[in-house]
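1. pasted the sequence and its predicted model underneath.
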Amino acid sequence: MSEREDTNFLYPFIDAEENDAGALLTDLAASARSKAAESARLQRASLDEWGDPITAAGAQMAERFRAGARLYTFGNGGSSTDAATLASLFSRPARGRPVAAWSLAADQAVVTALGNDVGFELIFSRQIIAHAKPADIAIALSTSGNSDDLMTALAEARKRGLLTVGFAGHDGGRMATSDDLDFCFTIRSQSIHRIQESHALVGYQLWSAVQNNLAKPAPGPRETTGGPR
Ligand SMILES: O=C(CO)[C@@H](O)[C@H](O)[C@H](O)[C@H](O)COP(=O)(O)O
């Protein structure tokens with residue numbers, strides 16, 4: 001391979017820019033349009049599939065928030081920042097009623113100490129043990145639905161009586177079939193980025209459902225969604 005071809009392989013964008021800036025911009029724009037179209041299609045399909053369960057989960061969460069529940073969110077990599085965004089939406093909304101919510105991935109001192117000292121698969125479950133009460137809520141975000149640290153934390157949360165919710169991708173992985181989840185919203189895509197975009201939408205819909213319920217008068221004891229009829 002010549003030096004020129006090798007440079008093309010390593011730096012395709014730079015070479016394309018040098019050779020044909022117009023073609024590069026056209027390709028990038030076409031690629032972005034195609035991804036945006038797929039993202040929109042996937043978000044519509046996900047809302048069609050999960051709209052009603054999201055509403056049901058939001059009603060159960062609102063009932064718990066009325067009773068003083070706290071929400072814990074967690075995920076790895078890009079899903080850790082999505083978990084932080086979700087906790088921030090619930091606890092510091094631009095409008096609506098703020099509720100207690102934390103991302104368990106946000107404190108680097110805690111996460112690195114737990115990962116280093118006791119094992120990475122325990123970084124979230126140890127925090128559930130430290131902080132959670134039975135009335136609380138756990139939301140785990142995973143594009144694969146398979147991450148050990150999330151599954152361990154969901155099992156711990158289930159054992160302690162928390163409401164457990166999963167955002168998954170692909171075919172839902174272990175989250176979709178686990179008895180440790182009350183709700184699992186699977187985004188049916190093979191693209192991590194498209195899954196994460198739809199997870200953001202599911203999070204916003206869930207928050208909206210909670211806010212709609214909290215805006216209503218508190219139900220009487222015989223009207224709660226979880227009580228005897
Ligand atoms: O895709 C991104 C960022 O967008 C990665 O950082 C990704 O989140 C990481 O590989 C995670 O460790 C994947 O874990 P999970 O979503 O399968 O639970």
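-> Alright, I've got the coordinates.

2. what about the strands in the protein?
-> In the chain, the strands defined using DSSP state E lie at 71-75, 101-103, 137-141, 163-169, 183-187.

3. ok, residue 66 to residue 93 distance?
-> 16 Å (CB to CB, to the nearest Å). Heads up, the C-betas are built off the backbone N, CA and C, glycines and all.

4. which helix runs longest in the chain?
-> helix 12-66 (DSSP state H).

5. pLDDT below threshold where in this structure?
-> Residues of the chain meeting the criterion pLDDT under 70: 1-21, 221-229.

6. please name the nearest non-neighbouring residue to the residue most central in space within the chain.
-> Central residue of the chain (CA atoms, centre = their mean): residue 141, 3.5 Å from the mean position. Spatial nearest neighbour of residue 141, excluding adjacent residues (CB to CB, 6 or more residues apart in numbering): residue 75 at 3.6 Å.

7. surely that neighbour and residue 138 touch.
-> No: judged on CB atoms under 8 Å, residue 75 makes no contact with residue 138 at a distance of 11.4 Å.

8. hmm, the longest helix of the chain in reach of the ligand?
-> No: between helix 12-66 and the ligand, judged by CB under 6 Å from any ligand atom, nothing touches; the nearest distance is 13.6 Å.

9. what packs against that helix?
-> Contacts defined by 3 or more CB pairs under 8 Å, 6 or more residues apart in numbering; DSSP states H and E place helix 12-66 against strand 137-141, strand 163-169, strand 183-187, helix 192-215.

10. got the contact list for stretch 148-159?
-> Stretch 148-159 is contacted by residues 72, 74-76, 104, 120-125, 127-129, 132, 136, 138, 140-142, 164, 166, 174-175, 178-181 when judged by CB atoms under 8 Å, 6 or more residues apart in numbering.

11. need the residues of the chain near the ligand, please.
-> 76-79, 142-144, 147, 192, 196.

12. give me every residue that touches residue 146.
-> Going by CB under 8 Å, 6+ apart, the list of residues near residue 146 reads 173-175.

13. ok, 10 Å please
-> By CB atoms under 10 Å, 6 or more residues apart in numbering, the residues touching residue 146 are 168-170, 172-176.

14. next: residue 205.
-> Applying CB under 10 Å, 6+ apart, the residues near residue 205 are 43, 46-47, 50-51, 54-55, 57-58, 185.

15. can you lay out the residues you listed as a markdown table showing neighbour count?
-> Formatted as a markdown table, these follow (neighbours: other CB atoms under 10 Å):
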| residue | neighbour count |
| --- | --- |
| 43 | 18 |
| 46 | 24 |
| 47 | 15 |
| 50 | 22 |
| 51 | 13 |
| 54 | 24 |
| 55 | 15 |
| 57 | 24 |
| 58 | 21 |
| 185 | 27 |
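
16. ramachandran coordinates for residue 191?
-> phi -100, psi 120 (degrees, to the nearest 10).

17. ok, it touching residue 197?
-> Yes: Residue 191 is within contact range of residue 197, at 9.0 Å (criterion: CB atoms under 10 Å).
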